[in-house]
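Asks: Sequence and predicted structure below; questions after.
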Amino acid sequence: QDKEENKVYLYTEQGDSPANHSVEVKSRDWAFDLYDKSYINIENVQMFASSIKMVVADNCTVDSCYIVYPSDDNKKSVKIEGAGNTIKNSYIAYCPGDGVTLYGEENVVDNCIIHDVNTYGDHFAAVQTSGVGNKITNNTMYNAGRSFVLHYYTRKMKCERNYMRNGGILSLDLGATYSY
């Protein structure tokens, strides 16, 4: 890094030109920020080192997206807050905190593959939910530092037909679904 010239230099292991390689750089935390938006559909998008935030959103859908390494901390997982929002048929992986944070009312996580989450081993999960009437259905979740579904302050939640394996990698105090 040359701060005076405002440049970053890349030297490859082979000593050849970086033009011979695929080089990716993170430029923002949120690929999509749907703050206070309604009826937005995001389909078939690949995201690397960024994620989706739906805060105060309603009736938005994320379908068939590929989201890997969404965050370098626990605050930038897929965030769904509001009402009537859905993430489905998507792939979410390599999250230090939650894979999906699902707050609000009548929001849905359906038919997703969520794995290698909560590398902190703390109070995070493949899906963390709080609110009323949220649904977590038909998902495959594996390799979690602690639990798969955390449901604090949740009422009328539906969590069914989910396949969960290899949880508690970093913690002994847990449940596949967990609340206190």
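Replies: Received the coordinates, thanks.
Asks: so where is this structure shaky, pLDDT-wise?
Replies: 1-2, 74-75 (pLDDT under 70).
Asks: which residues touch the nearest residue to V45 once chain neighbours are set aside?
Replies: Nearest residue to V45, sequence neighbours excluded (CB to CB, 6 or more residues apart in numbering): C65, at 5.0 Å. C-beta: built from backbone N, CA, C; applies to glycine. Shown in contact with C65 (CB atoms under 8 Å, 6 or more residues apart in numbering): I42, E43, N44, V45, Q46, M47, I52, I87, S90, Y91.
Asks: now, the most widely separated pair of these?
Replies: Comparing every pair within these by CB to CB identifies Q46 and I87 as the most remote, at 14.8 Å.
Asks: Looking at the two now, which is surrounded by more residues?
Replies: Between Q46 and I87, I87 has the larger neighbour count (other CB atoms under 10 Å), namely 29 against 10.
Asks: So the residue nearest to I169 when sequence neighbours are not counted versus C95, what's the distance?
Replies: Excluding the flanking residues, the one nearest I169 by CB to CB, 6+ apart is G145, at 5.4 Å. Using CB to CB, to the nearest Å, we find G145 at a distance of 10 Å from C95.
Asks: and for those two, which residues touch both?
Replies: By CB under 8 Å, 6+ apart, the residues touching both G145 and C95 are V117, N118, T119, F124.
Asks: Tell me if D36 really is in a strand.
Replies: No. Under DSSP: H, G, I helix; E, B strand; the rest coil, D36 falls outside any strand and is assigned coil.
Asks: check contacts around the residue nearest to it when sequence neighbours are not counted.
Replies: Leaving aside its sequence neighbours, D36 sits nearest to V56 (CB to CB, 6+ apart; 4.6 Å). By CB under 8 Å, 6+ apart, V56 lies in contact with Y35, D36, E81, G82.
Asks: wait, isn't the last one in contact with A57?
Replies: Yes. When contacts are counted by CB atoms under 8 Å, G82 is listed as touching A57 (4.2 Å).
Asks: Show me how to select, in ChimeraX, the buried members of the contacts of V56.
Replies: The following ChimeraX line selects those of those that are buried, judged by 16 or more other CB atoms under 10 Å:
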select :81,82
